[in-house]
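J.: Got a sequence here, can you build the structure:
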Amino acid sequence: MFGNREQRYPSHKRGVKSAIDFEAVGGRFLQVEFDDDKGGYWQLDLTGAYEGVQSVKRTVVHLFPGFVAVLDEGNLDNEEDISLRWHTINPAQLGSSGAFYLTNEGICLAGQIDVQTGMLTDHRLMRHEYQAPFHKDRAGDLLDQRWEPYLETRLHDKHYRILSLFALVPKANAFNQWISTNNRWAIRTQDGDCAVHVTDKELLVSSESLNREWKVDV
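T.: This next block holds a predicted model:
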């Protein structure tokens with residue numbers, strides 16, 4: 001979200017049939033590649049999905065078996081609040097400097113949020129809440145609050161670049177397992193290692209132990 005504005009959506013007048021112009025309010029793929037042995041990556045231009053922006057881009061890399069890197073970057077028309085939210089199946093536990101982890105049915109996810117460009121406000125754990133006038137159904141009855149959890153990273157700037165990292169790890173060794181050294185993030189798990197390096201021009205996600213690598217132009 002930018003300036004507390006959600007994504008744009010088609011507007012319709014009651015009783016007037018009109019076509020939904022998804023292209024005008026959605027995104028478009030810039031790069032896509034998949035490999036049955038090592039995973040895949042995709043890159044989206046999401047500029048059209050938001051108001052008040054000059055550019056919005058997301059690059060996602062999935063390195064088998066259980067590593068994901070997401071690079072969000074963009075430029076706004078003006079300096080304002082920026083909110084990146086990751087919705088989790090269970091409430092996460094927040095560590096220091098953007099580290100977090102969560103567990104579900106014996107599976108643990110170790111995460112790391114790295115704000116590379118932009119003035120960071122904070123990382124915080126939140127829950128969704130239906131608020132007036134959207135807290136009732138058509139009959140006027142109160143909606144059941146589900147309190148879905150999410151992790152929010154807040155910035156205030158005109159430019160931003162945020163790297164989000166995810167890895168499946170043993171529960172006993174979950175917390176703060178992504179380690180940063182010389183502008184490079186790395187983690188070791190029971191399934192192998194993973195290293196992530198970002199430059200002005202490329203996103204590199206690799207595993208020396210698994211002999212797998214994705215290199216994506218950004």
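
J.: Check which element follows the lowest-mean-pLDDT helix or strand in the chain along the chain.
T.: Sorting the helices and strands of the chain by mean pLDDT, DSSP states H and E puts helix 22-25 at the bottom, at a mean of 72. Next along the chain after helix 22-25, taking DSSP states H and E as the criterion, comes strand 28-35.

J.: Can you tell me the strand partners of that following strand and which way each runs?
T.: strand 39-45 (antiparallel) (DSSP bridges).

J.: what's the next secondary structure element after the partner strand?
T.: According to DSSP H and E, the helix or strand after strand 39-45 is strand 53-63.

J.: what's the spacing between the following helix or strand past that next one and its chain's center?
T.: Next helix or strand after strand 53-63 toward the C-terminus (DSSP H and E): strand 67-87. Counting by C-alpha atoms, centre = their mean, to the nearest Å, strand 67-87 is centred 8 Å from the centre of its parent chain.

J.: Equivalent analysis for stretch 34-42, please.
T.: The answer for stretch 34-42 is 19 Å, by C-alpha atoms, centre = their mean.

J.: do stretch 121-137 as well
T.: For stretch 121-137, the distance to the chain centre is 19 Å (C-alpha atoms, centre = their mean).

J.: Against residue 59, how distant is residue 213?
T.: Distance, residue 213 to residue 59, by C-beta to C-beta, to the nearest Å: 15 Å. Heads up, the C-betas are built off the backbone N, CA and C, glycines and all.

J.: the more surrounded of the two?
T.: residue 59 (22 against 13; other C-beta atoms under 10 Å).

J.: If the more buried one is in a bridge, with which residues?
T.: Legend: beta-bridge partners of residue 59 under DSSP bridges are residue 43, residue 71.

J.: Surely it and residue 41 touch.
T.: Yes: at 7.0 Å, residue 59 and residue 41 qualify as touching, with contact defined as C-beta atoms under 8 Å.

J.: Need the residues touching each of these two.
T.: Listed as contacting both residue 59 and residue 41 by C-beta atoms under 8 Å, 6 or more residues apart in numbering are 31, 216.

J.: Show me the shaky parts of the chain.
T.: By pLDDT under 70, the weakly predicted segments of the chain are 10-22, 172-176.

J.: Now with 90, please.
T.: Within the chain, the stretches with pLDDT under 90 are 6-27, 96, 104-107, 128-147, 169-177, 182-183, 190-191.

J.: Quick check: residue 159 vs residue 137, distance?
T.: Distance from residue 159 to residue 137, by C-beta to C-beta: 41 Å.

J.: If you count surrounding residues, which of the two has more?
T.: Neighbour count, other C-beta under 10 Å: between residue 159 and residue 137, residue 159 has more, with 16 against 9.

J.: Would you confirm that the more buried one contacts residue 72?
T.: No: assessed by C-beta under 8 Å, residue 159 is found out of contact with residue 72, at 11.8 Å.

J.: okay, now residue 89: neighbour count?
T.: Counted with other C-beta under 10 Å, residues neighbouring residue 89 total 13.

J.: what's the answer for the one 5 residues further on, then?
T.: For residue 94, the neighbour count with other C-beta under 10 Å is 16.
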